[in-house]
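S.K.: sequence below, structure please.
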Amino acid sequence: MSSPEAFIFDLDGVLTDTAEYHYRAWKQLADENNLPFTREDNEQLRGVDRRESLLRLLKGKQVPAAQFDQWMELKNTYYRALLTQMTPADVLPGVSHFLAEVRQRGIKVGLASASKNARDVINNLGLLAMIDALGDGYSVSNPKPAPDLFVWVAGRLNAPPMHCVVFEDAESGVEAALAGGMFAVGLGPQSRVGKAHIVLTDLTGITVDAILEKLPASAR
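M.R.: Sure thing, here's the model as predicted:
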């Protein structure tokens, strides 16, 4: 093919960085319940859904199911309150220009985020009109590293997985893209996203041609 049919983007760490908001929400919950939680702990939650995040925060501590569900909802309440502060200024460098070029080149744009708040975030960032298909934490049952979410978004874009390029900043997301038979662009350190076909620091100054040139010949 002359170019991929769809570019599918993770949200956090790719289009914007809500890590600080997640940290502050989890930290508030942890402090209220005398649970240890550091910024290093928060890094281990990158690309992980809310249930798994709370399990990791608890570090083996057992809590009743009802309390577990209550804590998940409470964290989300704290997080959503923080999200109201987000504006288009929180779009990461290079993202708006790159998305505009992708659409101008006729490549479909998908969003695949584990977050159940993805639509609100994208709307606050002013990017919703640039997204052709949005998959979030409500879309599939199996979270990354299962490929389900990327495959679901590809289906909504009517694009075969083998003609899709995924942009991810999390190891689990890269693994999910590869498991789905897609090409992966990893954004971040080699130690985290090194399994991707292409590894970049971020999207600053990146063009569609730069991505196409770096992709394996089978993707071009």
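
S.K.: residues near residue 141, how many?
M.R.: By other C-beta atoms under 10 Å, the residues close to residue 141 number 7. (Glycine included, C-beta is placed from N, CA and C.)

S.K.: now it. Nearest residue, chain neighbours left out?
M.R.: Spatial nearest neighbour of residue 141, excluding adjacent residues (C-beta to C-beta, 6 or more residues apart in numbering): residue 148 at 7.2 Å.

S.K.: just the pLDDT for that neighbour.
M.R.: As predicted, residue 148 sits at a pLDDT of 97.

S.K.: pretty sure it sits against residue 142.
M.R.: Yes. Between residue 148 and residue 142 there is a contact at 4.6 Å, judged by C-beta atoms under 8 Å.

S.K.: between the two, who's got more neighbours?
M.R.: Legend: neighbour count by other C-beta under 10 Å for residue 148 and residue 142, higher for residue 148 (18 against 11).

S.K.: residues in contact with that one?
M.R.: Residues in contact with residue 148, defined by C-beta atoms under 8 Å, 6 or more residues apart in numbering, are 140, 141, 142, 176.

S.K.: now residue 72
M.R.: Counted by C-beta under 8 Å, 6+ apart, residue 72 has contacts 50, 51, 54.

S.K.: with residue 5 instead?
M.R.: Residue 5 neighbours (C-beta under 8 Å, 6+ apart): 107, 108, 157, 159, 160, 163, 164.

S.K.: next, give me the two most distant ones among the residues you listed.
M.R.: Spatial extent of the contacts of residue 5 (C-beta to C-beta) is set by the pair 107 and 160 at 13.8 Å.
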